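A.B. asks: model this:
(one chain, ligands or ions: 1)
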Amino acid sequence: MQICKTLTELKQAIDVLKNNRKKIGFVPTMGALHQGHLSLYHRCKQECDVTVASIFVNPIQFTNAEDLTQYPRNETQDLQMLEAIGCNLVFMPSVVEMYPTPADIKIYFGTIEEKLEGKFRPGHFSGVGIVVSKLFHLIAPDVAYFGQKDLQQYLIIKMMVEQLSFAVKVVCCDIQREPDGLAMSSRNVRIAQQHRDDATSIYKSLLLAQSILLSHSIHEIKKSIEQFYYPHSALKLEYFEIVDADTLEDISNIGINQSVAICVACQLGNVRLIDNLVVNI
Ligand code: PAF
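C.D. replies: Presented below is the predicted three-dimensional model:
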């Protein structure tokens, strides 16, 4: 497994792959890898000739300085995991390598970025868009893999790729869950022991909403969800939204042939967790 830390090293490695007409699959990450990431790598390996990973905790997508400093980092273990699954190339730049001058540019994705996460993390998607654009330019992948857990991120990147004509296919991979239903996330290692049981209620709330999706109005579902969260005082609900799974627009009535995303964000102690369930009706 080749490790590149500079843009020059990366360019040389990518040029070799391109000259050999390899189909390049790319999985961008911020490290602290878990089974959820590995499922993206497995899919990438099945579908592409070479698998490229990036590990870069992108400072410009963090809206909270504490979240950035506390973001889990575990380079040694990440590299061991990538080696074990047969990743071919890892790009691990420093912040200065990626941003030798401050990234003054901003990307605005329109109304889709103002919903859900965008309401709570202003500027987050601009930072994601900038780093993913840079990585796509540098790596020029044929296919890039993203997790459904960050559904809004996937939709925004898909839109960016279509509207800016990036020559990359963007693939969304299923959410991977712990046996008790908690969606896998790098942030899970920061959940305090006494809060671990509460964390499972996030997925349970999505299942509850799904179970009454066709029999109750959106207003009634949201009321039931508020009651569901009420006894779990450790979980501070930030949003619980039932939206169109392609546009993230609010839904007033649920109809046949609709793809609905039930999306939730909670603060649990000092850890922010998100999850979603896409239901095809
Ligand atoms: O989903 C993530 O881990 C990050 O937002 C990404 C796509 C690697 C960009 O920094």
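A.B. asks: which helix or strand contains residue 97?
C.D. replies: Here residue 97, judged by DSSP states H and E, is contained in helix 95-98.
A.B. asks: close to the ligand, is the helix or strand just after that helix?
C.D. replies: Next helix or strand after helix 95-98 toward the C-terminus (DSSP H and E): helix 116-120. No. Helix 116-120 does not reach the ligand (C-beta under 6 Å from any ligand atom); its nearest approach is 10.6 Å. Placement of C-beta: from N, CA and C, glycine included.
A.B. asks: so who does residue 275 touch?
C.D. replies: 149, 175, 183, 202-203, 206, 263-264 (C-beta atoms under 8 Å, 6 or more residues apart in numbering).
A.B. asks: so what's residue 13 up against?
C.D. replies: Residue 13 touches 2, 4, 89, counting by C-beta under 8 Å, 6+ apart.
A.B. asks: out of the contacts of residue 275, which are inside strands?
C.D. replies: Among these, DSSP state E puts 263-264 in strands.
A.B. asks: make TSV from the contacts of residue 275 and add distance to residue 123, neighbour count and pLDDT to it.
C.D. replies: Output for these, formatted as TSV (distance: C-beta to C-beta, whole Å; neighbours: other C-beta atoms under 10 Å; pLDDT from 0 to 100):
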residue	distance to residue 123	neighbour count	pLDDT
149	21	20	98
175	25	20	98
183	24	23	98
202	25	23	98
203	29	20	98
206	27	22	98
263	20	23	98
264	22	24	98
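A.B. asks: redo the contacts of residue 275 as JSON lines? Include distance to residue 21.
C.D. replies: Below are these laid out as JSON lines (distance: C-beta to C-beta, whole Å):
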{"residue": "149", "distance to residue 21": "33"}
{"residue": "175", "distance to residue 21": "34"}
{"residue": "183", "distance to residue 21": "37"}
{"residue": "202", "distance to residue 21": "44"}
{"residue": "203", "distance to residue 21": "43"}
{"residue": "206", "distance to residue 21": "43"}
{"residue": "263", "distance to residue 21": "40"}
{"residue": "264", "distance to residue 21": "44"}
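A.B. asks: show me which positions of the helix or strand containing residue 243 end up buried.
C.D. replies: Under the criterion of DSSP H and E, residue 243 resides in strand 235-244. In terms of neighbour count (16 or more other C-beta atoms under 10 Å), strand 235-244 has its buried residues at 235, 237-238, 240-243.
A.B. asks: which one of the residues you listed is nearest to the ligand?
C.D. replies: Lowest distance from the ligand to the buried residues of strand 235-244 (C-beta to the nearest ligand atom) belongs to residue 238, with 18.1 Å.
A.B. asks: thought that closest one was touching residue 263?
C.D. replies: No. Between residue 238 and residue 263 there is no contact under C-beta atoms under 8 Å: 10.5 Å.
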